[in-house]
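Peer 1: pasting the sequence and the predicted model now:
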Amino acid sequence: MKNSLLLLIILTTFWACDDDDTTIATNPNITENVELPSDLPNLYRQFYEDNGGLNYVTVNGSKMAYTDSKTAAKPVMILLHGLPDNNFLYRDVIPELKADFRVIAPDHIGYGLSDRPDLEYSFTTLSNYLEEFVKELDLTEIHLVVTDVGGPAGLGFAARNPDLISSITMYETLWLPVDDLENSNYAPPFQEFLTNVRAQGVGEEIVVVQNQMLAFLNQLTVSEMPDAVQEVYAYPWLEEESRTVMLETSRSIPVAGEPADSKAMFDNYVAYLTNNNVPKLVILATPGAISPPDYVDIAVNTFANIQSATIEDSGHFITEDKPVEFANIVADFIANL
């Protein structure tokens, strides 16, 4: 009897049950249901309260924030955001998906409610932290959904860990390095933005001082973004110093081979997407912003085992304009694998 009781205590210490009566191993680097910051905007607070609370994974001594539907018996889906946004980007998508998936939406290191340690916020950094995040949560058979800077971060991780990936969905993101911005397949406004942000002094003024990244929120959606939503996206960037994160990430987009680490990561995941038969979906937004039709066509004509879909009347932030349609397309794609 004593031995049985001891075994029960040990198992209870190392394992916790989820809503599906399945087990998830505990980890000292994982902290769940953390108290929300007192000054959090109301919609931001509601987002976390509606999605299982604020959780943290400690990676290299710094905390990465995330939401988790905590249904371990279901397939894992990771939703990666871009900039200047955070995991709140998926607030209207998660409810559509969590009945069929264990949906996890992290904030990149330095973004949202994640810590902002003294790092270079390159794609390499974001991707490496994501990789450790996934390993700490012991996630496998992942359905990966990426946009914007979440594309290089997530695709870089996927290329290094192909055995962990069950499918990839890409939208409004970057999958090819370019040699010349003016002759690239990027949308012209995006070409202009990259030219300006890469210029010393100009990029600092645009991103850090003027905080113009936040203007994209309304400029790159078809629907009008409510002030309360914009308040959530602005919350992590209230301090001028914090915005260097967005500047460094933007400057990490490789052009003419520089920065070299980003170019190497792009080349690696382009080879992975081209040669690996993992199912892929690319979603074209029209009018979109950074991934126009000819850029999407390159993906369709280059990458193995890829499908495409189109969401009309949507800007860069598809999940702001058409969240339910987006969720249905992703769910149907995975259901038919």
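Peer 2: In hand now; what should we look at?
Peer 1: ranges for the strands of this protein?
Peer 2: Listed in chain order, the strands of the chain (DSSP state E) span residues 15-17, 23-25, 30-34, 54-59, 62-68, 76-79, 102-106, 142-148, 165-173, 280-287, 306-314.
Peer 1: what residues are up against the closest residue to E96 other than its chain neighbours?
Peer 2: Across the structure, with C-beta to C-beta, 6 or more residues apart in numbering as the measure, the residue nearest E96 apart from its sequence neighbours is A327 (3.6 Å). In short, each C-beta sits where N, CA and C put it, glycine included. Under the criterion of C-beta atoms under 8 Å, 6 or more residues apart in numbering, the contact list for A327 reads V93, E96, L97.
Peer 1: which among those end up buried?
Peer 2: Applying 16 or more other C-beta atoms under 10 Å to those, the neighbour count classes V93, E96, L97 as buried.
Peer 1: report pLDDT for the last one.
Peer 2: By that I understand L97. Reading off the per-residue confidence, L97 sits at a pLDDT of 97.
Peer 1: what does the pLDDT read for I165?
Peer 2: Note on I165: pLDDT of 98.
Peer 1: wait, V300
Peer 2: pLDDT, the model's per-residue confidence, is 97 for V300.
Peer 1: residue ranges for the helices of the chain, please.
Peer 2: Listed in chain order, the helices of the chain (DSSP state H) span 2-14, 42-50, 94-97, 123-137, 150-160, 188-198, 202-203, 216-219, 227-234, 244-250, 260-275, 293-302, 318-321, 323-335.
Peer 1: list the contacts of the fifth one.
Peer 2: Pointing back at helix 150-160 there. Around helix 150-160, the neighbours that count as contacts under C-beta under 8 Å, 6+ apart are 78, 80-82, 108, 123-124, 126-127, 130-131, 134, 144, 146, 164-165, 168, 170, 173-175, 252-253, 262, 265-266, 268-269, 271-273, 278.
Peer 1: only whichever of those residues are buried, select them in ChimeraX.
Peer 2: The buried residues among the contacts of helix 150-160 can be selected in ChimeraX (16+ other C-beta under 10 Å) with this line:
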select :78,80,81,82,108,123,124,126,127,130,131,134,144,146,164,165,168,170,173,174,175,252,253,262,265,266,269,272,273,278
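Peer 1: ok, back up a step: and the buried ones among the contacts of A327 as JSON lines, adding distance to F216?
Peer 2: Below are the buried ones among the contacts of A327 laid out as JSON lines (distance: C-beta to C-beta, whole Å):
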{"residue": "V93", "distance to F216": "19"}
{"residue": "E96", "distance to F216": "25"}
{"residue": "L97", "distance to F216": "25"}
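Peer 1: circling back: looking at the helices of the chain, spot the one closest to A309.
Peer 2: Taking C-beta to C-beta as the criterion, A309 comes closest to helix 323-335 out of these, the separation being 5.0 Å.
Peer 1: in the chain, where is pLDDT below threshold?
Peer 2: Using pLDDT under 70 as the threshold, the predicted model of the chain has low-confidence ranges 1-25, 185.
Peer 1: now do the residue nearest the centre of it against V197, distance only.
Peer 2: Centroid check for the chain by C-alpha atoms, centre = their mean gives L80 as the closest residue, at 1.4 Å. With distances taken as C-beta to C-beta, to the nearest Å, L80 is found 21 Å from V197.
Peer 1: what do you get for I30?
Peer 2: Computed as C-beta to C-beta, the I30 to V197 distance reads 35 Å.
Peer 1: got it, and N128?
Peer 2: From N128 over to V197 the distance is 23 Å, taken as C-beta to C-beta.
Peer 1: now A159
Peer 2: Noted for A159: a distance of 26 Å to V197, by C-beta to C-beta.
Peer 1: give the contact list for L176.
Peer 2: Residues touching L176, when contacts are defined by C-beta under 8 Å, 6+ apart, comprise N185, F266, V270, Y295, I298.
Peer 1: so V324 makes contact with D92?
Peer 2: Yes - applying C-beta atoms under 8 Å, one finds V324 in contact with D92, separated by 7.1 Å.
Peer 1: who has more neighbours out of those two?
Peer 2: Neighbour comparison, V324 and D92: the larger count goes to D92, with 16 against 12 (by other C-beta atoms under 10 Å).
Peer 1: separation between the more buried one and L181?
Peer 2: According to C-beta to C-beta, D92 and L181 sit 34 Å apart.
Peer 1: re the thing from before, closest one of the contacts of L176 to Y66?
Peer 2: Where the contacts of L176 are concerned, and distances follow C-beta to C-beta, Y66 has its nearest neighbour in F266, at 25.5 Å.
Peer 1: show me the contacts for E248.
Peer 2: Neighbour list for E248: E120, Y121, S122 [criterion: C-beta under 8 Å, 6+ apart].
Peer 1: no no, E172
Peer 2: G82, T147, D148, I283, A285, G288, A289, I290, S291, H316, F317, I318.
Peer 1: what residues are up against the third one?
Peer 2: Going back to what we said before, that points to D148. Contacts here follow C-beta under 8 Å, 6+ apart; on that basis D148 touches H81, G82, L83, D85, E172, T173, I290, H316.
Peer 1: before we move on, the earlier item: quick one, phi psi at the residue nearest to the centre of the chain?
Peer 2: In terms of degrees, to the nearest 10, the main-chain angles of L80 are phi -110, psi 130.
Peer 1: before I go, just wanted to say thanks for your time.
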